[in-house]
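Participant: Need coordinates for the following:
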Amino acid sequence: MGILSNISGKDAVKIFQTFGYMIDHQTGSHMILYHESRPTLSIPNHKELAPGLLRGLIRKSGLTVDEFLDAK
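Facilitator: Below is the predicted model of the structure:
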C-alpha cells in the first residue's frame, strides 16, 4: 500500500480545507473546492481516491505530498 492509499474524497476535502479551500458547490459526484489564490479543485466523492488522482490534485493546489499528509 502506498502513502496516498485509503483516502476518501470527503477526507481529502477536509484536509484541503485546512489550507484555506472552501466547498463552492457539488456537480454530480464531484465536490468543487475554491480558494482565493490557488487553483480550483474538483474532487470526486468516492470512498477511495486513486493515488495518482490525489497526487495530481495535491500538485495542482501547490502543496507537497508531505504537507498534505502532515495535515491529515
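
Participant: got the contact list for stretch 45-64?
Facilitator: Stretch 45-64 is contacted from outside by 2, 4-10, 12, 16, 19, 21, 26, 29-31, 35, 38-39, 41, 43-44, 65, 68, using Cβ atoms under 8 Å, 6 or more residues apart in numbering. C-beta here means a position set from N, CA and C on the backbone, and glycine is covered the same way.

Participant: Tell me which of those residues fall in strands.
Facilitator: 26, 30-31, 41, 43-44 (DSSP state E).

Participant: just to revisit the earlier point, which among the contacts of stretch 45-64 count as buried?
Facilitator: 4, 7, 9, 12, 16, 21, 31, 35, 38, 41, 43, 68 (16 or more other Cβ atoms under 10 Å).

Participant: Greatest separation within those: which pair is it?
Facilitator: Maximum pairwise distance among the buried ones among the contacts of stretch 45-64 (Cβ to Cβ): 20.6 Å, between Leu4 and His35.

Participant: Save the buried ones among the contacts of stretch 45-64 as CSV, and put in distance to Leu53 and pLDDT too.
Facilitator: As requested, those are exported to CSV (distance: Cβ to Cβ, whole Å; pLDDT from 0 to 100):
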residue, distance to Leu53, pLDDT
Leu4, 9, 86
Ile7, 10, 95
Gly9, 10, 95
Ala12, 10, 96
Phe16, 13, 97
Tyr21, 16, 97
Met31, 13, 97
His35, 19, 96
Arg38, 18, 95
Leu41, 11, 97
Ile43, 9, 97
Phe68, 13, 94
